[in-house]
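Engineer: Dropping a prediction and its sequence here:
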Amino acid sequence: MSGPLVVIDTGSANLASVSAAFRRLGLSASITADADRVRSADRVVLPGVGAFGDVSARLSALGLDAAIVERAEAGRPLLAICLGMQLLARTSDEAPGVAGLGVIDATVRRLSDDVSVPQLGWNRVTASAGTLVREGFAYFANSYYLDVGDADWMPSAACHGRPFVAALERGPQLACQFHPELSGAWGSALLERWYREC
């Protein structure tokens, strides 16, 4: 058994800040690039930061892509953050021709040039009833967003020039376009709810 909480080493993610966020909650997170540990862990985090094509290639080379999809299809606890959320989609405008994991039936689109790109900073999140996400402000660092119509997932929203998906939930699986680990007390409370309630 690989332990209660594993953070996937994608080769370019913000592993230190994600691990520190869980430590502040009194929780220990181990970092791994081993597909078998991702399969066996109680809870798994797919963190953000990096380029869609590069991270997708690394996940595939290490067999992590299949392990993540297996977890998702089995309905096991998974938290995907920023780029991690985008990698769950089918494709991305950032890397034409590169397949995502296909867990979410969506395409990743680039934010419009008539707004500041990337979006860097705090933005209001509007939550759906009955989700782990609550109304509040989260920290975003994104140039892309999910163009989603997947009825299997409960959405929360934000707006940056246009409304976009801020988070998606399906059972114990939570995908966030924002960075909960950088979103102060609001983000810390969300991480704790995900850990405790999933």
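Structural biologist: Nice, I can see it. The shown structure was predicted, so the numbers you read here are calculated from the model rather than taken from an experiment.

Engineer: From now on I want contacts and neighbour counts done on CA atoms only, so please keep to that.
Structural biologist: Fine.

Engineer: okay but residue 149 is in contact with residue 108, surely?
Structural biologist: No: with contact defined as C-alpha atoms under 8 Å, residue 149 does not reach residue 108; the gap is 11.8 Å.

Engineer: So the two - more neighbours on which side?
Structural biologist: More neighbours surround residue 108 than the other of residue 149 and residue 108, with 23 against 12 (other C-alpha atoms under 10 Å).

Engineer: Please confirm that the more buried one is located within a strand.
Structural biologist: Yes: applying DSSP: H, G, I helix; E, B strand; the rest coil, one finds residue 108 inside a strand.

Engineer: Now for it: which residues touch it?
Structural biologist: 86, 89, 90, 91, 92, 93, 94, 144, 145, 146, 147 (C-alpha atoms under 8 Å, 6 or more residues apart in numbering).

Engineer: out of the residues you listed, which are buried?
Structural biologist: Listed as buried from the contacts of residue 108 are 86, 89, 90, 91, 92, 144, 145, 146, 147; burial here means 16 or more other C-alpha atoms under 10 Å.

Engineer: Looking at these, which has the smallest pLDDT value?
Structural biologist: Among the buried ones among the contacts of residue 108, residue 147 carries the weakest pLDDT, at 83.

Engineer: so what strands line up beside the helix or strand containing that residue?
Structural biologist: Using DSSP states H and E, residue 147 sits in strand 144-148. When sheet partners are counted by DSSP bridges, strand 144-148 sits next to strand 106-110 (antiparallel).

Engineer: next SSE after the partner strand?
Structural biologist: Following strand 106-110 in sequence order, the next helix or strand is strand 119-125 (DSSP H and E).

Engineer: Show me where this protein has its strands.
Structural biologist: Taking DSSP state E as the criterion, the chain carries its strands at 5-8, 30-32, 43-46, 78-81, 91-92, 106-110, 119-125, 136-142, 144-148, 154-159, 163-170, 173-176.
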